[in-house]
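In: I need the structure of the sequence given here:
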Amino acid sequence: MLSCCHLSLLGAPPFIPSVPPRFCPLLFVLFRSPSASLRLINTPDHRPNHTLSSHSVAAMGSISDPPLLTSFTQLLRRCHTNPSSSPIKNVNMMPQECELPVIDLSGLSSECEAERRSCVEAICRTSAEWGFFQVVNHGISSELLGEMRREQVKLFETPFEVKAHSALLNNSYRWGTPTATSPAQFSWSEAFHVPLTKISDPSCYGQFISLRGVMMEFATAMSRLARTLAGVLAENLGHRGGHGAFDEMCHESTCFLRLNRYPVCPLSPEMFGLVPHTDSDFLTILYQDQVGGLQLLKDSRWVAVKPNRDALIVNIGDLLQAWSNDVYKSVEHKVITNDKVERYSVAYFLCPSYDSLIGSCREPSVYRKFTFGEYRKQVQEDVKRTGHKAGLPRFRLQMSI
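Out: Have a look, this model is predicted:
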């Protein structure tokens with residue numbers, strides 16, 4: 001095995017603290033030959049392996065894949081000139097797998113008051129204790145979910161150049177992390193982040209005509225579910241509006257669907273599919289496949305979420321934590337890459353307009369009042385300056401950061 005000292009003696013750059021040890025052989029090849037092709041992976045014992053597995057070839061050879069490895073390697077080169085860049089902190093060997101609390105939403109429509117109350121209590125309790133939960137009997141048919149997944153796969157199988165340059169889905173395609181200044185900020189994924197107002201627009205779909213009808217039906221169903229859950233959570237805190245609590249702030253022009261794909265990654269498991277973060281919305285609903293990779297922070301430890309074929313995942317966003325005065329929790333989560341299979345998910349984000357004022361549902365308030373636009377601007381400034389989202393602590397009346 002080549003140690004970092006050996007690499008230095010052979011003319012490679014010295015060890016870069018911000019890069020995990022298993023990336024050092026990759027750096028050795030790249031810096032010895034800056035124009036070298038990115039056709040190297042590392043074996044578990046850190047030795048360069050020039051014989052790529054079929055999975056790794058697929059990860060770097062498909063015309064549908066964005067040039068993630070090229071982009072990441074360029075980032076590593078930049079880190080060589082900036083040793084102070086943040087390290088990847090994804091060394092979490094075999095995190096404990098957990099099954100999120102599962103809530104049967106059929107209880108909400110039960111004629112039995114006790115059953116309804118039990119369902120409401122479960123929703124509110126898990127929102128406070130976990131910030132994440134799963135729902136079954138949620139009213140979205142398995143047929144619709146299956147159609148959404150099939151159409152999503154067809155979309156992402158399109159050649160990268162088409163996805164990147166044909167203005168599909170309101171020109172909402174994105175991949176990797178162009179603003180990353182360190183490996184810790186890089187996400188190995190691609191996505192379409194689509195405002196609901198554009199989902200019905202035929203001009204957004206190009207050759208994907210059948211996707212439009214499926215996305216319209218899916219978005220309507222997810223929106224209905226999100227508003228139902230948000231209403232339950234608001235009503236629990238005594239809000240008079242109940243199920244209409246967020247209707248004035250959140251409508252079609254402010255909410256989004258995000259279609260995600262996490263390609264096979266030859267650098268897994270050190271690489272993030274999606275970097276650790278909290279969601280800057282009221283509520284998120286996630287439809288994911290059975291590959292796994294989602295992890296969340298529970299009691300200061302990362303736990304892996306076990307996929308449930310019959311369930312959707314719901315998580316509390318920053319705005320609902322602020323509005324609830326910290327009763328409900330917006331929890332940090334991330335996605336881990338996979339070196340064998342790709343992963344798909346679709347997320348619905350319940351967001352307000354940028355000029356919506358986010359206050360507390362009760363006094364005394366933990367946070368000062370702020371608009372969603374102000375919050376988003378502060379998040380972007382923090383990420384640009386430090387590489388990290390500070391989020392809600394910036395808006396506490398007694399700021400803790």
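
In: What strand or helix carries residue 217?
Out: Residue 217 is located in helix 209-236, with elements delineated by DSSP states H and E.

In: At which residues are the strands of the stretch 301-401 of the chain located?
Out: Secondary structure of the stretch 301-401 of the chain (DSSP state E, counting those that start in this stretch): strands at 301-305, 312-316, 333-336, 343-350, 357-358, 370-371.

In: In terms of secondary structure, what does the helix holding residue 217 contact?
Out: Packing partners of helix 209-236 (3 or more C-beta pairs under 8 Å, 6 or more residues apart in numbering; DSSP states H and E): helix 113-129, helix 142-156, helix 196-199, strand 256-262, strand 283-288, strand 343-350. Quick note: C-beta positions are derived from backbone N, CA and C, even for glycine.

In: and the last one, what other elements does it pack with?
Out: Counting by 3+ C-beta pairs under 8 Å, 6+ apart, the packing neighbours recorded for strand 343-350 are helix 142-156, helix 209-236, strand 256-262, strand 283-288.

In: now swap in the first one and tell me
Out: In this structure, helix 113-129 makes packing contacts with strand 102-104, strand 132-136, helix 209-236, judged by 3+ C-beta pairs under 8 Å, 6+ apart.

In: Give me the buried stretch members for the last one, please.
Out: This points to helix 209-236. Within helix 209-236, the residues scored as buried using 16 or more other C-beta atoms under 10 Å are 211-212, 214-215, 217-219, 221-223, 225-236.

In: closest one to residue 96 among the strands of the stretch 301-401 of the chain?
Out: With C-beta to C-beta, the closest approach to residue 96 among these belongs to strand 301-305: 5.2 Å.

In: Can you give me the buried ones in that closest one?
Out: Applying 16+ other C-beta under 10 Å to strand 301-305 flags 302-305 as buried.

In: I'd like the residues you listed written out as a markdown table, with pLDDT and distance to residue 317 added.
Out: What follows is those, written out as a markdown table (pLDDT from 0 to 100; distance: C-beta to C-beta, whole Å):
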| residue | pLDDT | distance to residue 317 |
| --- | --- | --- |
| 302 | 95 | 20 |
| 303 | 96 | 20 |
| 304 | 96 | 21 |
| 305 | 97 | 17 |
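
In: List the buried residues for stretch 148-161?
Out: Those buried within stretch 148-161 under the rule 16+ other C-beta under 10 Å are 148-149, 151-152, 155-156, 158, 160.

In: For the helix holding residue 217, what is the distance to the chain centroid?
Out: 18 Å (C-alpha atoms, centre = their mean, to the nearest Å).

In: Grab the most central residue of the chain for me.
Out: Nearest residue to the geometric centre of the chain (C-alpha atoms, centre = their mean): residue 274, 5.2 Å.

In: Residue 104 reaches residue 118, doesn't it?
Out: No. The criterion here is C-beta atoms under 8 Å, and residue 104 misses it with residue 118 at 9.7 Å.

In: Could you list the low-pLDDT ranges of the stretch 151-300 of the chain?
Out: Within the stretch 151-300 of the chain, the set of residues satisfying pLDDT under 70 comprises 240-244.

In: what do you get if the cut-off is 80, keeping everything else the same?
Out: 240-245 (pLDDT under 80).

In: Run through the bridge partners of residue 349.
Out: On the basis of DSSP bridges, residue 349 is bridged to residue 256, residue 284.
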